[in-house]
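Colleague: output the structure for:
(2 chains)
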Amino acid sequence: MGSSTSLVPKSVTAAINAHGFGYFGCPHTFGQVGYRLKRTEQYIRVKPDNSSVVTDGVKHSMNPFCEIAVEEAVKLKEKKLIKEVVAVSCGPQQVQETIRTALAMGADRGIHVEVTGKDYETLGPLQVSKIMAALAKKEEAQLVILGKQAIDDDCNQTGQMTAALLDWPQGTFASELSLEGDKIKVVREIDGGLETIKINTPAVVTADLRLNTPRYATLPNIMKAKKKKIANVKPADLGVDITSRLEVLRVDEPPQRQAGMKVETVDDLVGKLKEAGMV
Amino acid sequence: MAPVGPLARISRLGSGICRNHRLIFNRSPQRRGIASCIDPAHGLSDEQREFQKVAFDFAANEMAPHMAEWDEKEMFPIETMRKAAQLGFGGIYVQPDVGGSGLSRLDTSVIFEALSTGCVSTTAYISIHNMCAWMIDTFGNTEQREKFCPDLCSMEKFASYCLTEPGSGSDAASLLTTAQLKGDHYILNGSKAFISGGGDTDVYVVMCRTGGKGPKGISCLVVEKETPGLSFGKKEKKVGWNSQPTRAVIFEDCAVPVTNRLGEEGQGFGIAMKGLNGGRINIASCSLGAAHACVQLARDHLLVRKQFGETLSNNQFLQFKLAEMATKLVASRLLVREAATALQESRSDAVSLCSMAKLFVTDECFNICNQALQMHGGYGYLKDYAVQQFVRDIRVHQILEGTNEVMRMIISRNLLTES
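Modeller: The predicted structure is shown next:
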C-alpha cells in the first residue's frame, strides 16, 4: 500500500493520517454524492521479512478523514442540496462493514468494489482513482468527496488523481464547503493559511480535519442501514486494470529513539553540535 | 506519571490528528483497537458490532475524558446523558412506538458494557433509567406509556427506581411505604432509601403497599417530581457512583392519581422483580466494561513499567495473573450474554441465570479491577490513574439490585424447590 510507511515502535499506538473517500453526485443540480471509504489499521508491526506490515488480526476501522467526508455528504443531503449519497469502498469482504457504518451515518446506498488477496495488497491510489473515475462516470456523479489522505499510507493522492483522470476541477484539503448554484466554494487549508476557491461542478473535493465533526450513528439508523443496498462490482466490470506499477521493496520501522544528552552551558551545547558536524 | 510517560506521547501531531487522539492514553486504552482474546466483539452479529462501536466511540470521546471530574466534583452529567439519548441509549429495550430503540437484552448488554468503559457510574445510572422506562412501557396502559415513555427515551426527563427503604433492603417485600386509596388518589406515606438520581430526577417508579402484608399487597405507582408531599433527604456521600446523586425519597401525605398505577393493585412486586431481572444483567454488564478497561490498563502498565531490569510483562507471576484476569473476564461476559439471551426468549431458566450472572460477574469483575489496581503498585492508589475509580465504582454492584447474597437465595431456591 505505498512504498515505505512511517511506523512507530510497538508500545505506542500509531497516530496516522487518513486517506480519503470519494463521493459521487448525479447529473442534476441536486446530485447524488458518493464517497470512497478506506478501512485502515490502528496498531501495527512490520512483518519479519520486511515486506509490509502485519494486517492479520489487527482491528480496522473507517479512515478518520473518510468519516469526515461521509459526514459532509450527509450534511449536504440534509440541507437538500444533493439528492443521494453513495458510499464506495474497494477491497475484500470486510470493507462491507465500513460501508455499513457510512450507511448508518446517513448514506443512501453503497457500492463494494471487490478487490481481494494480492491485488488488494498492491492496490494503491492510482488504481483506486481509476476505479473512482469509472464509477463517477457510470453513476453520473456531480460531486466526489474523499478524505484528504489515509492514515495507513499517507499518500494524499487519490483525490487529485481522480480529478485528473476525469478532467474535473478539484478542491483539496477542504475545511469549508458550500454549494453556490452550479459552482462549489471551497476553503482550503494551505501552508500559508486559508485559500478560498470557486470550482465548477462536477468536481472532486477532499476533506480535511476541520471540515466537520462526524456524527455518531444512532441505534435506529444502524438498524435502518441494514435495509440499504450495497451493490457488488468488480474492477474488470468497470474496465479498470488494477495491476500496480509500484513494487514495494522494503518496509522498516523508524529507528529507535536514541537517548539524549544534557549539557551544562550554551558553550557546551555549541561544542557538542560542532562535534556532531551539525554546526 | 513516569511509568506511562511514553504512552502519553502522540506521534506525528500536525496535520493528521484523528478524533481518537483527544484521549489520554493511560486513561482510555479502550480505543487502542488491539485484536485479542478479550475482544468484546467476538461472537456478535455485524449489527451488534455496529451498536458496540457507537457505544465505544461515545464512551471514549464523551465520557472517559470527564469521568474523573464527574467523580471528584459529584456532577450529574445531564448534557452528556441527553447526547447518549439522542443516539438511542435512553430506552434501549423500550418499544419504538413510544420512542425506544426496540433492541434485545443482548444488544443492551453489549451497549452498557461498552459505555461503562467510559464511566461506570454514569452508565449504571443510564441503565437504571432504562429499567424504569421499560417498566412503564411494559406494564403501563396506553395513556401512561404515551405520557411518560417518550420523554424518558429522549431523556428530556430522568427516572428513578424506588424499592429499598431504611427498614427493608434484602427483605424488599416487607416494605412499609403505604398508599391509601382516597377517591381517585393514593395518599403515600413513608420513605425510600438509597435512591439513585433521587432529587434530581423527574419520574419516580415507586413500590408501595396498597394491600396487606407481603409481596401481594404491593403496587407500583409513578410519582412525578413536583407532586406536593414529595421531598428528598440529603445527598449521600459515597465511595463511588459519584456522578449520580443518591438521596432518600420521602412521602408525606403525597397524593398520586390512581391513573399513575402501573398494572393492577398487588402486581407491584412482580413488576419490580421483572424490572430487576433486566437490571441485574445491566449492572453485570457495567461491571464487565470496567473489568475490560482495567485488564487493558493493567496490560499497558505491565508493558511499560520496569523493575529489576526488565518490564513487568516479563514476570511470570504477573503474566499468569493477567491470563487469569482475562479468562475470568471472558467467562463473565459469556454468562451475562447467555443470561441476556435467556431473558429475551423468556426461557424458564432466565431468572436464575440473571441472578447467577449478577452474582458471578460482579464478584469476578471486582476482583479483576482490584488485581489491576494491585499491578499498578503505588500508582494504582492515586486518583490520577483511572483504575482506582473503576474499583470504587463497581464495588457497589455486589450490593445493589439485590445483594449477591440474595442472588444465592434465588439460585438455591430454584435448585431446592420441588417442582
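Colleague: B:Leu87: what's its closest spatial neighbour, skipping adjacent residues?
Modeller: A:Thr218 (4.7 Å; Cβ to Cβ, 6 or more residues apart in numbering or on different chains). Every residue, glycine included, has its C-beta placed from N, CA and C.
Colleague: can you confirm A:Lys198 is in a helix?
Modeller: No. Residue state for A:Lys198 (DSSP: H, G, I helix; E, B strand; the rest coil) corresponds to strand; a helix is not indicated.
Colleague: now do the strands in the stretch 1-150 of chain A.
Modeller: In order along the chain, the stretch 1-150 of chain A carries the following strands (DSSP state E, counting those that start in this stretch): A:32-37, A:39-41, A:60-62, A:84-91, A:109-114, A:143-147.
Colleague: now the ones you listed in TSV, with mean neighbour count?
Modeller: Below are the strands of the stretch 1-150 of chain A laid out as TSV (neighbours: other Cβ atoms under 10 Å in any protein chain shown):
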stretch	mean neighbour count
strand A:32-37	31
strand A:39-41	23
strand A:60-62	22
strand A:84-91	28
strand A:109-114	22
strand A:143-147	35
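Colleague: for B:Asp184, find the nearest of the ones you listed.
Modeller: Among the strands of the stretch 1-150 of chain A, the nearest to B:Asp184 by Cβ to Cβ is strand A:84-91 (53.8 Å).
Colleague: what helices or strands is that closest one leaning on?
Modeller: Where contact means 3 or more Cβ pairs under 8 Å, 6 or more residues apart in numbering or on different chains; DSSP states H and E, strand A:84-91 is packed against strand A:32-37, helix A:64-78, helix A:95-105, strand A:109-114, helix A:125-139.
Colleague: can you tell me which of the ones you listed is most buried?
Modeller: Most buried of the helices and strands packed on strand A:84-91 by mean neighbour count (mean count of other Cβ atoms under 10 Å in any protein chain shown) is strand A:32-37; its value is a mean of 31.
Colleague: now that strand: average pLDDT?
Modeller: For strand A:32-37, the mean pLDDT works out to 57.
Colleague: now stretch A:129-140
Modeller: Rounded to a whole number, the mean pLDDT of stretch A:129-140 is 93.
Colleague: related to what we said a few turns ago, would JSON lines of the helices and strands packed on strand A:84-91 with distance to B:Glu405 be doable?
Modeller: Output for the helices and strands packed on strand A:84-91, formatted as JSON lines (distance: least, Cβ to Cβ, whole Å):
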{"stretch": "strand A:32-37", "distance to B:Glu405": "51"}
{"stretch": "helix A:64-78", "distance to B:Glu405": "48"}
{"stretch": "helix A:95-105", "distance to B:Glu405": "43"}
{"stretch": "strand A:109-114", "distance to B:Glu405": "52"}
{"stretch": "helix A:125-139", "distance to B:Glu405": "61"}
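Colleague: right, and the ones you listed - which one's nearest chain B?
Modeller: Judged by Cβ to the nearest Cβ, the one of these that comes nearest to chain B is helix A:64-78, at 3.4 Å.
Colleague: just the CA atoms of that closest one, as CSV, please.
Modeller: Coordinates of the C-alpha atoms in helix A:64-78 are reproduced here as CSV (Å, rounded to 0.1, in the frame of the first residue of the first chain):
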residue,chain,number,x,y,z
PRO,A,64,-10.9,9.2,10.1
PHE,A,65,-10.8,11.6,7.1
CYS,A,66,-13.2,9.4,5.3
GLU,A,67,-15.6,9.7,8.2
ILE,A,68,-15.4,13.5,7.8
ALA,A,69,-16.1,13.1,4.1
VAL,A,70,-19.2,10.9,4.8
GLU,A,71,-20.4,13.5,7.3
GLU,A,72,-20.1,16.3,4.8
ALA,A,73,-22.0,14.4,2.2
VAL,A,74,-24.8,13.6,4.6
LYS,A,75,-25.0,17.2,5.7
LEU,A,76,-25.3,18.3,2.1
LYS,A,77,-28.2,15.9,1.7
GLU,A,78,-29.9,17.1,4.9
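Colleague: what's the burial count for B:Ala179?
Modeller: By other Cβ atoms under 10 Å in any protein chain shown, the residues close to B:Ala179 number 29.
Colleague: cool, and A:Lys229?
Modeller: Residues lying near A:Lys229 (other Cβ under 10 Å) number 9.
Colleague: go on, A:Lys183?
Modeller: Using other Cβ under 10 Å, A:Lys183 is surrounded by 15 other residues.
Colleague: roughly how far apart are the residue lying closest to it once chain neighbours are set aside and chain B?
Modeller: If the residues on either side of it in the chain are set aside, A:Lys183 comes closest to A:Lys198, at 5.1 Å by Cβ to Cβ, 6+ apart. From A:Lys198 across to chain B, the span is 24 Å (Cβ to the nearest Cβ, to the nearest Å).
Colleague: tell me the contacts of A:Lys198?
Modeller: By Cβ atoms under 8 Å, 6 or more residues apart in numbering or on different chains, the contact set of A:Lys198 is A:Glu180, A:Lys183, A:Ile184, A:Lys185, A:Val186.
Colleague: okay, those residues in CSV with secondary structure next?
Modeller: As requested, those are exported to CSV (three-state DSSP):
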residue, secondary structure
A:Glu180, strand
A:Lys183, strand
A:Ile184, strand
A:Lys185, strand
A:Val186, strand
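Colleague: much appreciated, bye for now.
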